[in-house]
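*Asks:* My questions concern the predicted model and sequence given below.
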Amino acid sequence: MPQVPLKMLLGNSKMNMMVGFILWVNSAGGLIAVNLATRNDIPKPDAVLAIQPGVSENGSKLQNLSRIPSNVLLVVMAGDSDNITGTADSYLIMDETPQVPSERKIFLLVQSDGNLRADHLSPLAISDEYSILVDNMDYSGYWKVLDYGVIRE
């Protein structure tokens, strides 16, 4: 799968748009989001941002992803240190959506940096239970993609 630099993605005017209905979820919610995008009985999302989706059990929990409309903006993110969901389902979602053109979808592998680990808990931002605070990974990894890649014109 070709890798596109994030700077190039965010500068692509075809990707930057104002959207109305965004499914922005992580973990099992990532699988739910792509499955919801296949349905005809609910509004179609303008964008799906699936962060660390999984675990689909080799795709058995996924609907027919070819029913996701080709005009959906599809962003799939995984963490390089995620030992819960890993990257398999992220790649599977990308592979199973050939109808979404490459300029409308991207897979981003968030890289750990020093003591900022891109593990399964990294998208949580603030959590008293896990003593996690908002950090640069939240701002520059997860939130910026939503803010600049999906919402801004």
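*Replies:* Alright, I've got the coordinates. Bear in mind the structure is a predicted one, so any value in this text is a computation, not a measurement.

*Asks:* Pass me the low-pLDDT residue ranges in the chain, would you?
*Replies:* Residue ranges of the chain with pLDDT under 70: 1-19, 125-132, 146-153.

*Asks:* can you rerun that using 50?
*Replies:* 1-18, 152-153 (pLDDT under 50).

*Asks:* That one: strands as residue ranges?
*Replies:* Residue ranges of the strands in the chain, as given by DSSP state E, are 22-26, 47-51, 73-79, 105-110.

*Asks:* quick one: buried residues of stretch 43-54?
*Replies:* P45, D46, A47, V48, L49, A50, I51, Q52, P53, G54 (16 or more other Cβ atoms under 10 Å). Backbone N, C-alpha and C define where each C-beta goes, glycine included.

*Asks:* Against K105, how distant is I84?
*Replies:* 23 Å (Cβ to Cβ, to the nearest Å).

*Asks:* And those two? Which one has more around it.
*Replies:* K105 (21 against 12; other Cβ atoms under 10 Å).

*Asks:* circling back: can you pick out the most distant pair from the buried residues of stretch 43-54?
*Replies:* Spatial extent of the buried residues of stretch 43-54 (Cβ to Cβ) is set by the pair D46 and G54 at 23.6 Å.

*Asks:* All the helices of this protein, residue numbers only.
*Replies:* 6-11, 28-36, 88-95, 136, 144-146 (DSSP state H).
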